[in-house]
Each structure stands twice: as structure tokens, then as C-alpha cells.
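**Q** For reference, the sequence and a predicted model appear below.
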Amino acid sequence: MATDPCIHELRQEIARCARCGKCRAVCPTFLATRDEARAARGRINLMESILDGAAPFSARAAELLTSCYGCTRCVEQCPSGVRVDLLMQRAREMAARRFGIPLPARLLFRHVLPRRRLYDAAVRLARFTQRFLRRSRAQPLRHLPLLYEGRRSVPALARRSALHSLPELHKGRGEIKVSLFLGCLLNYVYPDIAASILKILSLHGVDVIVPKAQLCCGAPVLASGDEEAARRLARRNLSCLEPGKVDAVVFGCASCALTMKRDYPRLLGGAEALAAKITDISEFIHARLGYSNLPLDDTVTYHDPCHLRWGRGVGEPPREVLRRSARYVEMDRAGDCCGLGGSFSLSHYDISCLLGEAKVASIRASGATIVATSCPGCILQLEDQLARQGMGNPVVHVAQLYERSFLKGRLPLPGSSSSSSGFLTLSR
Amino acid sequence: MDDAKGLLAALAAVVGEDHVVSAPEELACYGVDAAKVRAVPDVVVRPATAAEVSGVLRLANERRVPVYPRGAGSGLTGGASPLRGGIALEMARMNRILSVDPDDLVAVVEPGVVLADLQAAVERKGLFYPPDPASSGFCTVGGTLAACAGGLHCVKYGVTRDYLLSAEAVLPTGEIVHTGSRTLKSVVGYDLGRLLVGSEGTLCVFTRAVLRLIPLPACVRTVMAFFRRVDDAVDAAHGVMRSGILPRTLELMDEMTIRCIVAYKPFPMPSGTRAIVLAESDGSAEEASREVGRMAGLLESSSALAVDCPPDRAEADLLWEIRRAASPALYALSPGKLNEDVCVPLSGMKDLLRGAAAIAERNRVAIASFGHAGDGNIHVNILYDTADAAERGRAEKAVEELFRLVLEAGGSISGEHGIGTAKARFLSWEVGAREIALMRSIKRLLDPNEILNPGKIFPD
């Protein structure tokens, strides 16, 4: 193993870490626990010790390493430019090889996610079981057993997935052509956001392809360390998004975009072409569509999704879109993680809530009515955390606010009683 | 360590089982600190009160186990490294800001508070805590006390020891002592607080500090000047000081530093720039404006290539990006770096910078110098390739030559970073034998069993 070139690369990256500790200023798991073992630097030390044989690669070590949930903020902060995210990804893969992946996850990642019809059926089943959940006080309430712990609110799965309701081909003026990647949350939970994005593009005469063959981007699969299963998903997505035939590949989910941009080139040859065309809808609006909308009167504040702000360095375009679409106020620590971290909040809900509480406090202090963001994962978390604090601020996608300002006065506010997505609360 | 289990049980009785960490996986996380010293503790203990700290130290004395206090482990001289294994005393749980009092102008804090959090808390009440090391975003108050941290504002506002009014600290034998007074002035008996600040965790563990605050200046203005020669920059900087201005900040960057910075991020600057002076004024809007205007005028008339005096904070922040990029730029270029922070009398700065350049050439290493022109404390960074042992050897020789140069000029081998382990072998170069003997007897008096942070400051 010592002669493995990958190990050599790992050691080289680890050696670049100056152990200065600057990551402690921003690492969300460190800030929540004040435990060096849950800071980027501590994890790097642990990884090095494991490679040196000075620490055992035990289940505990794996848990410490994989408790990093990939917000990438340390990467942005690190004065030495250490790719902690790539080190942690390797750690996940090593942990998966050593300890295996739990069977339900393996089944899901290897057999359900690659098969759209089977995935649809699984979601329909889940949606059916949601009928038996209790509704929350203010919002429709349901109970989702099994996967969740504690008192958390989850949105209802949509009646019709976005891939079912949106047309595959939307003809525009023929000047700009894009493909649109949705991701699982937009597809199954927030199809209204997907519809908003398509609407925005169609209003501007853009030709849009929403490939029906698209699959899960593979982010949760990579997070579990199953590189092979992720590669299978990547292959299909790469082929159906056809980056060579479009001007841009547009995303509404920051995590899907980062996964494809950063990880697909590592998983597949030829993915660089896709990576180069990836853009968030707010970047696309800002760079290509412009602002012929009329700003709304509502005050809105913006929460930076970690993967967009820190992973891709995109902070200004969504803010500019919001400035031109409503009355914008910057909240304190907008770049702090909301606490979701993908499946992290399932396994570490306590830390997830600590981070979420701090975020809700920032929202409250900002005085804004609406919270906007660019990632459905963040929306999920913010809705839950706001509900926990008894706050009813609507949480919307930047695209939705822009769309509404375009059709000023003619659309209901997302999150109001007339909106299609209901709201569930889970309790033991 | 004999009777490891017995020790663990005894420690658990003091701080609770949950706060004794002995799993090798977790201990490994503590294995390397910011000085890149490799040392893994035998156990990490996380106390919540002074009584618990006292209990741990008493145990350590009974069993002769070394104890290494630790804040954020961000010190650059290995001050927190558990060289002999032993007990790493993690102060992170003691992280409350107990009070910020705008009437008495004091803040009362626990040692684990992150410095930036303290600064933000006092600023919210219109107050100012000036010590501002570059690590403020993650270093802890306890660490800044142990190291007598400095920062950018020292020229005008002094260093950490000027701000500790009163401390609660645990001595190496476990006794809890209180130094000083909550008042802004007091001279009653010996100043134990001043002895403890800067003692680098060898004389006490701080458990509470009463820190002096001053009113927050309403306005800060910035000016940056670009020079063709570093000599001109030094002259210009000192011209500012001699004109009767005491700036809030007075920073200098040399040619090598600038080259690294622009390689890292291509900031626009006049061509031919080989030195930069960055200064700040604070006070009311009029005072700051007037003073920065005077500084700009003085810098301009000192053969500056250009002088930039931005009218607003946002533009000033862009200039500060250049200064802040210095450290990351050096790391990016060369992870191997001997980061020395020598201090010379102001009149000796030109010779220091010239001397550093000569040392670089003679030893065939790259040296980048930048720092606090207002107080003579310059960070002299000797860069080397970590894979090249010969280059590392030359870098270390360069450090020795640098120290000789500094001491001959009547300077000090460390302005802010302290001795730790990194400079222990140089202690006797600067401090006389009689004085070292005196220091050692003080250490022996407080720590007869040599329990607390052994191996630091004094060479073994």
C-alpha cells in the first residue's frame, strides 16, 4: 500500500497542510463541538497518522473522518490551498473499502438510483406512507418513520416529479441553448422550483433541454465512498446532458453543480467538457439574461449554500439577482453553513440543529421577510429550522423570486397556503 | 506512562469521563501543531473550571506526569506541543465571555474564547481590544496571554501584557492565584500578572482574565504607498513617526514578499514597486481624515511611486487584501518556511532589511520580510523546499546569521512569537547567564516537579 501512487499523492497533499489552524475559524463541525478531532486540521493529522501506521484505521477513526460533511469552506480559507475536500473524499472511499457500505444504502445507490422508473416507484411508495404522518401546527403535518430521528419537519414529496411534468424540449428563439439538470430534490420535492427555472429561461427565449434520462448526480453516493456506483451515474448524466451541443448546463442545486464540476472529471475521462459548461441559474441570469424585471416590495435576505459560495466561489451573482428582484438585506454570517450537509443531518441531527439555530438567529436579526438561497438542500434545512423556532418566513429559491418579480403581482408567494408543496412535521 | 488506567480513572474523577480523551484515533488529531512539531499526548483532558484545572495539576504533580496547556494550537514556536506525551490540557470548554463592561472599561473572559469573538463582542458595545495577531480568527485569549501576543496595532496601542488587569491562574502545583486588580491602575506588591503574561504556559494555566478595553475609534482610514526601493520605504515610514504621528498601523513589505503576493494574486500596482508601506489612522472622522492626509503627504514627498488614500472602507479593504495575502502567498509558494519575528530598534530597520537580503544571497535561500515598521518588529521568512534537506540546512544557518545580526543591533530575537521549543537553543544568545539562572529559579519555585509545559523556553 505504501508504494500505491495514490497514497503518495495523498501524502503530498497532507504535507502541504501547515497545521496553522485557520480552518478552525470556519469548520462547521469544529464550531459546533469545539473538538480538534472534528476540525479539518485534526482530520488531516488523523489521516496522516493512519497512513504512518501510528493510529488504527478503526471504525472510530472512520467516523471522525467521515463526520466531515464536505462544505468545502476550509478549502476556501486555507492559506496553503490544501484540498481538504479531496482528502476527505479519499478518506470516505478508504472507509467504504474497509468497512463496507450499509446494505440499504448499497441497494439504493447501485440499484435504485440508476433506474429512473424504479426510483420513481420508490418515491411514490414513500409519498404514500407520508399520508400517515401527523401535520404540524401551522402547516400540513405528516409522519415519516424509519429514516429520521427527533422532531424534524420535512416537506411532502410532490405529487408529480418535475421530470414528469416538464417538457423534455422547450423551443426558444434559437439563439441560446441550454440543458437543465434538476437533481433529486428539485425533481421529487420542489418541482415548483424546477418549473420556475424553466419559466425564466423560456421567458427569455432560451432553448431548453431537460433530459429525461438524467439521474441523481451521485453526491450522496460519493459521500458514502462508493466511487464505482457514482461513476455509473456520472456516465449517464454526462451522455444525456450533451455539453458539446449547448451553450451552458444550468443547475438549480449548488451541490449537484459542485459534484459534477469537481468530481466528474476525476471519475470519468471527457467530463471536463461538461465541467466547463456548468453554471448556476443565478450566474446564468446575471451573465446572459439580464434584468428586465421589476423589483418586488418584499425584503429578502440571502443564505449562501456552502457548495456554491465556498465550493465554487459564487457569491455575488445570486445577490445581484436578489438586489434587482426585491429589497435586499445582507444577513450576518450569510456564508455560514445551514447545517444540512446532505445525509449528515440524518446521522448528526444534533450538530445540524446547532448550526441551524445560529442561522435562524441571523435571519431573524436581518429583519427580512423572505429567505432566499440557491440550493434545495438548504431550503429543506432552513424550513425545518425555522419551523423549530416557530418562525414562518417563506424560504424560496433565488430563481423563484426572480420569476415572481418578472411576473410581478401575478403569482402567489411560494410557501403561502395556496402553494403546491405542503409541509410535514416528524415526531417520534 | 506507568499505571495509565489509574491515571485515566483519576482524571475522569476530576473532569468527568466524557472529557478525558484517550482513544488513539482522537489523540492522533492533536499530533501536529502550527509549528509542525510532531508530538502526540497520552491523554487529552478538557476542564470546565479552575477547580478542575487545579485538580488535574495536583494529580500530575503526584504522579509526575507532564501537562501541556493548549488553546487553539496555533502558536508558531511549538508552545502547545506535548513533547513528552503526558496530558494535553485543552481549554476549549472554558469559552465564555463573562462580561463586557462599558462603564468600567473591562471585559472578563475565560481562556478558551476565540480572540475574534472577543473583539466582535466588545465592538458591539463601542469598545476596542487592540491586540490583533494574524491568527485572531481562531487563536484563544489564553494563548494570547501565554504568548503576549502582538499584532498590527502595537505601534499605537501596545501588546497583550498592557491589557491584562487581573488574572485568575492555576500554578503548576495546582494552587489558584489571583493577580492584579479590576482597576485600570494598581501597584500593590509585585506585578505577578506581568510575570505570567508571556510565560508561554510554563508558569501557570490562565483560567480567567480581566482585560482592559478602550473606546472604539469611530473611523479608520488607510493609506498605501508604493516605493522603488525598500530604503525609501523605511525612510518614509520613519518620517511619518518622526513627524509626530503615532499611526494605528504602520506596515511594510519588501520586494520578495511583493513578488510572492503578485504571483499568488495579481494585484495591480505601479510597475517597479519593490516595497510597500501600508498605514492606518483612527479617531473621529475628522481626526482620522486629517492624520491620514498628513501621512499621505509625507509618504508622497518621500519618493513614493504612488500613494493611494481611499475615501471609503470598501476600497481600503481591497488594499488590505494585499497585506493579508502575504502569509498565504508565502505558504502557497513554499510550504517550508522558517517564520522568524525579530525586533530591532527603529533606527536599525534599514540595516536589518539589507542584512536579511545579504544573508539570503550568501546562503542561497529566499527571504521575504514584512511587518510592523512602526515598532521595528519584522517577520523575516526564510523559505525552503521541504523535500530538500540541504536547503533546509541552509535556511537554518540563515536564521542563525539573522539572529546574530539582530542581536548586534541591540534587537530581540522574538517580538511576538515567543521561544517555545523552536528558539530554546537561542535563548542564551540574547539572555545573559545570570538572567537565565534567575528565570530558571523562578520556574523551579513555581514548578518544583517540572510538570507544566516542560521543554519550553529553556533548552533541556
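**A** Thanks, I have the structure now. A quick note: this is a predicted structure, and the numbers were derived from the prediction, not measured.
**Q** Mind checking if stretch B:83-99 is in reach of chain A?
**A** Yes - judged by Cβ under 8 Å from any Cβ of the partner chain, stretch B:83-99 comes into contact with chain A through B:Glu90, B:Ala92, B:Arg93, B:Asn95. C-betas here are computed from N, CA, C, even on glycine.
**Q** Get me the contact residues on the stretch 1-150 of chain B for chain A.
**A** Within the stretch 1-150 of chain B, the residues that sit near chain A (Cβ under 8 Å from any Cβ) are B:21, B:23-36, B:40, B:72-74, B:90, B:92-93, B:95, B:112, B:114, B:116, B:135, B:137-139.
**Q** which of the residues you listed are buried?
**A** B:21, B:23, B:25-36, B:40, B:72-74, B:90, B:92-93, B:95, B:112, B:114, B:135, B:137-139 (16 or more other Cβ atoms under 10 Å in any protein chain shown).
**Q** Filter those residues down to just the ones in helices.
**A** B:Glu25, B:Glu26, B:Leu27, B:Ala28 (DSSP state H).
**Q** Next up, the contacts around the last one.
**A** Taking Cβ atoms under 8 Å, 6 or more residues apart in numbering or on different chains, we find B:Ala28 in contact with A:Asn45, A:Leu46, A:Ser49, A:Ile50, A:Ala54, A:Ala55, A:Ala61, B:Val40.
**Q** Need the max-distance pair from those residues.
**A** Across the contacts of B:Ala28, the longest distance by Cβ to Cβ is 14.0 Å; it joins A:Ala61 and B:Val40.
**Q** what bits of chain A have low per-residue confidence?
**A** By pLDDT under 70, the low-scoring segments of chain A are A:1-4, A:134-151, A:408-428.
**Q** domains of it?
**A** As given by automatic domain parsing, the domain ranges for chain A are A:5-99, A:162-286, A:293-426.
**Q** For B:Pro448, which of the ones you listed is the nearest?
**A** Nearest to B:Pro448, of all the domains of chain A, is domain A:5-99, at 30.9 Å by Cβ to Cβ.
**Q** got the end-to-end distance for that closest one?
**A** 22 Å (Cα to Cα, to the nearest Å).
**Q** go on, stretch A:235-252?
**A** Termini of stretch A:235-252 sit 20 Å apart (Cα to Cα).
**Q** With stretch A:217-228 instead?
**A** First-to-last residue span, stretch A:217-228, Cα to Cα: 13 Å.
**Q** got the buried residues for that stretch?
**A** By neighbour count on 16+ other Cβ under 10 Å, the buried set for stretch A:217-228 is A:Cys217, A:Gly218, A:Ala219, A:Pro220, A:Val221, A:Leu222, A:Ala223, A:Ser224, A:Gly225, A:Asp226, A:Glu227.
**Q** Quick check: phi and psi at the first one.
**A** When quoted as degrees, to the nearest 10, the phi and psi of A:Cys217 stand at phi -60, psi -20.
**Q** count of neighbours near the nearest residue to it once chain neighbours are set aside?
**A** In this structure, A:Cys217 finds its nearest non-sequential neighbour in A:Cys256, 4.0 Å apart by Cβ to Cβ, 6 or more residues apart in numbering or on different chains. Look at A:Cys256: counted by other Cβ atoms under 10 Å in any protein chain shown, it has 27 neighbours.
**Q** got a list of contacts for whichever strand or helix holds A:Ile7?
**A** If you go by DSSP states H and E, A:Ile7 is part of helix A:5-15. Residues outside helix A:5-15 that contact it (Cβ under 8 Å, 6+ apart): A:Met1, A:Ile44, A:Met47, A:Glu48, A:Leu51, A:Val82, A:Arg83, A:Leu86, A:Leu87, A:Arg90, B:Pro335, B:Thr386.
**Q** Of all the residues in the stretch 301-450 of chain B, which one is nearest chain A?
**A** Closest residue of the stretch 301-450 of chain B to chain A, Cβ to the nearest Cβ: B:Pro328 (3.5 Å).
**Q** Okay then, goodbye and thanks.
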